[in-house]
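Trainee: sequence unknown, structure follows:
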């Protein structure tokens, strides 16, 4: 039973986004004991209840006002929006609060490797198996090409080998699954990643808005930390400007005097880009030494 004062957050029970969503909440300092058989988990240190549901149920739970927040793939959200729109149903307003840094994939049209594919007209009037019929229809309508949709939830790749379709439209991360099933990607239909979404802001109480803002600030801090590195190194003063430019710092660096050196200083800074071995080699060429690159656990600006 829900307690009205507690914020309700829906996440995927199992699947692509489940573990990453739980990990994100953990890194935000939210203490939750997820039980395998339970569909609701209550946070111990903040007024949040987490609902574990099917991913394609999350947009509806947000739109219909059952929960205030949800973590869902952009593809699932857009499919639900298009479904309601094309069926003539009311599409209740929602808000995208934050793009998340996981669940990155894209929806693509794939055909047999041996098929001679020139352009989208090559699949005109063919049967295409997909779990995303409305996104597929929007793309084909935009290109003014007719097709036959075959809706299949689950392992869409098997539809072609089973003789159920001529092509498929499915999510792609690495392309390995397509290749293993004798398919090739020919049209990129929709890019997707995980999103934090909320109800229409006007329907949320002031108390819950405060919790949402607190959670959002923490999520942004976690994402920023994952994107950044803390760097410490010794550098010649004459090369300081070149080294700072190379590191692309989020803020101005801290420069410290180095004991026993008159022409070298210690530089500490947060870099907003990955520091690859090639970057470290360039730093070395510029005269840097004692180079340390450290992960950042938490970050707040």
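Mentor: Yep, that arrived. None of the values given here were measured: they were computed from a predicted structure. Numbering: from 1, shown residues only.
Trainee: and for the spatially closest residue to residue 182 that is not a sequence neighbour, the neighbour number?
Mentor: Leaving aside its chain neighbours, residue 182 sits nearest to residue 113 (5.3 Å; criterion: C-beta to C-beta, 6 or more residues apart in numbering). Yep, even glycine has a C-beta here, placed from its N, CA and C like the rest. Per other C-beta atoms under 10 Å, the neighbour tally for residue 113 reads 12.
Trainee: and residue 113, what does it touch?
Mentor: Contact analysis of residue 113 by C-beta atoms under 8 Å, 6 or more residues apart in numbering lists 182, 183, 184.
Trainee: ditto for residue 20
Mentor: Counting by C-beta under 8 Å, 6+ apart, residue 20 touches 100, 102, 103, 194.
Trainee: of those residues, just say which sits nearest to residue 173.
Mentor: Nearest to residue 173 among the contacts of residue 20, counting by C-beta to C-beta, is residue 103 at 9.3 Å.
Trainee: ok, back up a step: of all the contacts of residue 113, which comes closest to residue 80?
Mentor: Taking C-beta to C-beta as the measure, residue 80 sits nearest to residue 183 out of those, at 26.3 Å.
Trainee: can you tell me the closest non-neighbouring residue to that closest one?
Mentor: Closest to residue 183 by C-beta to C-beta, 6+ apart is residue 110, at 4.2 Å.
Trainee: can you give me the buried ones in the strand or helix carrying that neighbour?
Mentor: Residue 110 belongs to strand 105-112 when elements are defined using DSSP states H and E. Within strand 105-112, the residues scored as buried using 16 or more other C-beta atoms under 10 Å are 105, 107, 108, 109, 110, 111.
Trainee: export these to a markdown table and tack on distance to residue 149 and pLDDT?
Mentor: Output for the buried residues of strand 105-112, formatted as a markdown table (distance: C-beta to C-beta, whole Å; pLDDT from 0 to 100):
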| residue | distance to residue 149 | pLDDT |
| --- | --- | --- |
| 105 | 21 | 94 |
| 107 | 14 | 96 |
| 108 | 16 | 96 |
| 109 | 12 | 96 |
| 110 | 15 | 95 |
| 111 | 15 | 95 |
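Trainee: could I get these as a markdown table with distance to residue 70?
Mentor: Shown next, in a markdown table, are the buried residues of strand 105-112 (distance: C-beta to C-beta, whole Å):
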| residue | distance to residue 70 |
| --- | --- |
| 105 | 18 |
| 107 | 20 |
| 108 | 25 |
| 109 | 28 |
| 110 | 29 |
| 111 | 34 |
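Trainee: can you check the pLDDT for residue 2?
Mentor: The score at residue 2 is 52. That number is its pLDDT.
Trainee: same check on residue 160?
Mentor: Residue 160 carries a pLDDT value of 83.
Trainee: now swap in residue 291 and tell me
Mentor: Looking at residue 291, its pLDDT is 91.
Trainee: quick one: which of the contacts of residue 20 is most hemmed in?
Mentor: residue 194 (26 neighbours).
Trainee: identify each buried residue in the helix or strand containing residue 267, please.
Mentor: Here residue 267 sits within strand 264-271, counting by DSSP H and E. Neighbour-count burial for strand 264-271, counted by 16+ other C-beta under 10 Å, picks out 264, 265, 266, 267, 269, 270, 271.
Trainee: same deal with stretch 138-154?
Mentor: Neighbour-count burial for stretch 138-154, with 16+ other C-beta under 10 Å as criterion, is recorded at 138, 139, 140, 147, 149, 150, 152.
Trainee: could you check how far the nearest residue to the first one once chain neighbours are set aside is from residue 75?
Mentor: What sits nearest to residue 138 in space, not counting adjacent residues and going by C-beta to C-beta, 6+ apart, is residue 82, at 6.0 Å. Using C-beta to C-beta, to the nearest Å, we find residue 82 at a distance of 11 Å from residue 75.
Trainee: alright, calling it a day.
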